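**Student:** the following block contains a protein sequence and its predicted model.
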Amino acid sequence: MSPNDPIYAYAGKILRVNLSNGKISEEPTSHYAKEWLGASGIAIKILYDELRSWVTPYEPANKLIFSAGALLGTIAPGACKSNISTLGPMTGGWASGCSDSYVGGQLKYAGYDSIIIEGRAHTPIYLWVFNDKVEIRDAIGLWGKTTWETLDGIRRELGEETLHTVSIGPAGENLVRGACVIQDKGRAFGRCGTGAVMGSKNLKAIVVKGTGPIRVARPKAFTEIVSKIRKMFDGLKSVEAMQKYGTLRGLQSKQKICGMNFKNFQECTIPEEMMQAIDPCKMIDKYEIARQSFPGCAIGCSRHLYVTEGPYAGLKTESSQLEALLTLQTRLAVQEPTFMLKANAYCNQLGLDLDAAGGAIGWAMECYQRGILSEKDTDGLKLNWGDAGVVLELIRKISYREGFGNILAEGCARASDLMGRDSSYYALHMKGQDLYEPCRGALGWCLGTTTSTRGGGHTTGAVPDHRVVPEVKEKVNAIFGVENPLPLEYEDKAKMVTYMEALHMVNNCLGICHMNTIHGDFDQMDLPQIAELYSAATGWDTSVEDLKRLAMKQINLEKAFNLRHTDLDRKDDMPTPRDLFEPIPKGGLAGWKIDVEKYNQMLDEYYDLHGWDKETSFPKREILAELGLGYVADDLKKIGKLR
Amino acid sequence: MVFDMPSCGGCRTCEMACSFKHRGEFIPAISSIKILDKKDGHGFLVFLAEDPQKQEIPCDGCKEFAVPMCMQYCRKSEDLKGILEEFMKQSETIPKGKERTVQTTEKEI
């Protein structure tokens, strides 16, 4: 399309800011939008085209792209996600994370779909965007501050109490590989180390305010489809549970299918007495002071809490989701029920990803348990399971790269390489990034996690296996077009993951929260409704098949980006050795273990569905050409990675 | 006019919906309804515009619809309904320019 044609749903412009020379420019979103949907889709196209293969994550030549999903700024259900993508320090390849956000909507109202950050500022700065007024401002006074202090400081400095920020904390400033970016105080662009890249650019924060409009192409059709979708949520039991406890509602079903993480994945359930002690639902009810929801959300799943007793009395924070409980509290066997809230808040303040903290500390505690590490290695700390004080001290030491924390700040994969002593088996990671997902006993969840181009994660293809129970089998079969959907069935998992990949990718591009879709409940919205939404919003008639093709195109470009920057191949799409070779030790699935041969067949089928070579995992020319990525095939051929 | 809404989660979808009714586009800057942060306590404050001099378009209660736009997209629409009714009542009975204060129910913490 021509840059002069009207564009709907999108704001229409991409902002480019070079921090090395202060140059600020704009370009039309239409250059990308129709073929790359939005947010992470547009970001991978820009990063693939503009980053040379020799660029490394912390160089000024790397670029960091902050984007709002294509439907942000409208009332589309769940359209509240922004995205940050870059070349990341965890895997050395594609790094991309989404977060619920007010900032994304403000970016759209300011007239921009994305901000491309280039170069490196000579001294700490932050970026202030107010409509088309873009200002690089001094942040020396904010450097060293937590993300919470940064939000308050910027609001004070700019004289507006309602401004929203995305910022980094000390972890990002100190180039901790697992540093993340925090929206306001409680929402993280998690995983992948995007915060460290922001730190490498001396960029402390991005602040955006917009007062302009977002238009949709077919207003009547758009509001009708929005109303139709919102009605799908009425009366759903899961919605009621989500409104009360967020994703913590899934705790019991995770325990049932052995989807927990206890003592660094040594066990896949937690002891019953611990379950009783930490029951987060009781705690949340007790400490709630207010609800929290994000723009467009058809559910509203969070709460603000004020802890009034115990070791963390006085803490005011947004409630955590299930991930905080599993990746820190149960993984590290901490019994104090409010620890989840404290650890989550502390990581958010310091700008440290929860999984990066849990992965590295879990590895260290298991090494200590086995005598591989001693107090001589850990600055005198006794790394006993369940010691909440030690965990919080390690979170601090990681964020400031202090002493033993300097090793853990590299993430568990690199920390075990640095330490040696045969400790790598206990470093649970995917492609170099610390693993959160318990993979045994949930094959769709596992395959989606292990094949993810960003290095693990359950929001890029993982099937929500804990909800695929016999009672919903028919419904699930109809959605995915399969016959064997249950979590322990190897057949059909590749198909289900490929479907979820498309859904997740479309969600990430359009800014739709996964929990508003079949990821959260099989009765919620799915690709057909999203295709209707996108068509009405943009005026571009887009079918489910079109969305699937665009998602497949994006994943192929992410794959090619990884192949150019890393040596990842088929072996890196396999589960960790612990998941692959150890049986589930306790619980309802005790004794179950992955059948390696069948897992490999499942992976073969996944590669077939993507048009990738089974031996190497590299794409074939035919699929790239079919997707309009012939130039990518040429690039891969030059480096011997085309099949 | 400002009202307390302890059950509000702050999603601000009402702001988008309101502006869409007035302008046919999403532009919360001009919406009649604004969700304001509270320093402490349950929920949010709901501001309903009544002064045509300012940026916001005055709230007309969406009389042309069976259900006002903001309520159509609110998960706590019954509570918002009460606020709208009170607003319409006060708008009709209290002279413009006269200061209105609304008691909030901040939780003591």
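**Tutor:** Perfect, I can see it now.

**Student:** excluding sequence neighbours, find me the nearest residue to the closest residue to chain B within the stretch 501-643 of chain A.
**Tutor:** For the stretch 501-643 of chain A, the residue closest to chain B is A:Ala537, as judged by Cβ to the nearest Cβ, at 10.3 Å. Yep, even glycine has a C-beta here, placed from its N, CA and C like the rest. Ranked by Cβ to Cβ, 6 or more residues apart in numbering or on different chains and with sequence neighbours excluded, the top spatial neighbour of A:Ala537 is A:Ala9, at 3.9 Å.

**Student:** just to check, the one you found is in contact with A:Arg218?
**Tutor:** No. Here A:Ala9 does not reach A:Arg218: they are 10.5 Å apart, not a contact under Cβ atoms under 8 Å.

**Student:** can you tell me the element A:Arg177 falls in?
**Tutor:** Assigned by DSSP states H and E, A:Arg177 belongs to no helix or strand.

**Student:** quick one on the thing from earlier: A:Ala9 and A:Arg218: which is more packed in?
**Tutor:** A:Ala9 (31 against 15; other Cβ atoms under 10 Å in any protein chain shown).

**Student:** contact partners for that one?
**Tutor:** Counting by Cβ atoms under 8 Å, 6 or more residues apart in numbering or on different chains, A:Ala9 makes contact with A:Ala70, A:Leu71, A:Thr74, A:Ile214, A:Arg215, A:Val216, A:Ala217, A:Tyr534, A:Ala537, A:Thr538.

**Student:** repeat that for A:Tyr112.
**Tutor:** A:Tyr112 neighbours (Cβ under 8 Å, 6+ apart): A:Ala11, A:Lys13, A:Ile14, A:Leu15, A:Glu26, A:Ala68, A:Val129.

**Student:** repeat that for 7 Å
**Tutor:** A:Ala11, A:Lys13, A:Ile14, A:Leu15 (Cβ atoms under 7 Å, 6 or more residues apart in numbering or on different chains).

**Student:** get me the contact residues on chain B for chain A.
**Tutor:** B:7, B:9-13, B:16-17, B:23-27, B:29, B:37, B:41-43, B:73, B:75, B:107, B:109 (Cβ under 7 Å from any Cβ of the partner chain).

**Student:** buried sites along stretch A:256-263?
**Tutor:** Neighbour counts over stretch A:256-263 (16 or more other Cβ atoms under 10 Å in any protein chain shown) mark A:Ile257, A:Cys258, A:Gly259, A:Met260, A:Asn261, A:Phe262, A:Lys263 as buried.

**Student:** quick one: contacts of that stretch?
**Tutor:** Contacts for stretch A:256-263 (Cβ under 7 Å, 6+ apart): A:254, A:268-270, A:326-327, A:330-331, A:333, A:366, A:385, A:438, A:440-442, A:465-466, A:487, A:584, A:587-589.

**Student:** and if we set it to 8 Å?
**Tutor:** Residues contacting stretch A:256-263 (Cβ under 8 Å, 6+ apart): A:253-254, A:267-271, A:326-327, A:330-333, A:362, A:365-366, A:369, A:385, A:436, A:438, A:440-442, A:445, A:465-466, A:487, A:584, A:587-589, A:592.

**Student:** please flag which of the residues you listed sit within strands.
**Tutor:** Among these, no member is found in strands (DSSP state E).

**Student:** can you select the buried ones from those residues in ChimeraX?
**Tutor:** To isolate the buried subset of the contacts of stretch A:256-263 in ChimeraX, counting by 16+ other Cβ under 10 Å, use the following:
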select /A:254,267,268,269,270,326,327,330,331,332,333,362,365,366,369,385,436,438,440,441,442,445,465,466,487,584,587,589
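
**Student:** the contacts of stretch A:256-263 also near chain B: which ones?
**Tutor:** Checked against chain B using Cβ under 8 Å from any Cβ of the partner chain, the contacts of stretch A:256-263 yield no neighbours at all.

**Student:** mean confidence for stretch A:272-282?
**Tutor:** Per-region confidence: stretch A:272-282 scores 90 on mean pLDDT.

**Student:** starting at the chain centroid, how far to it?
**Tutor:** For stretch A:272-282, the distance from its own C-alpha centre to the chain's C-alpha centre is 27 Å (Cα atoms, centre = their mean, to the nearest Å).
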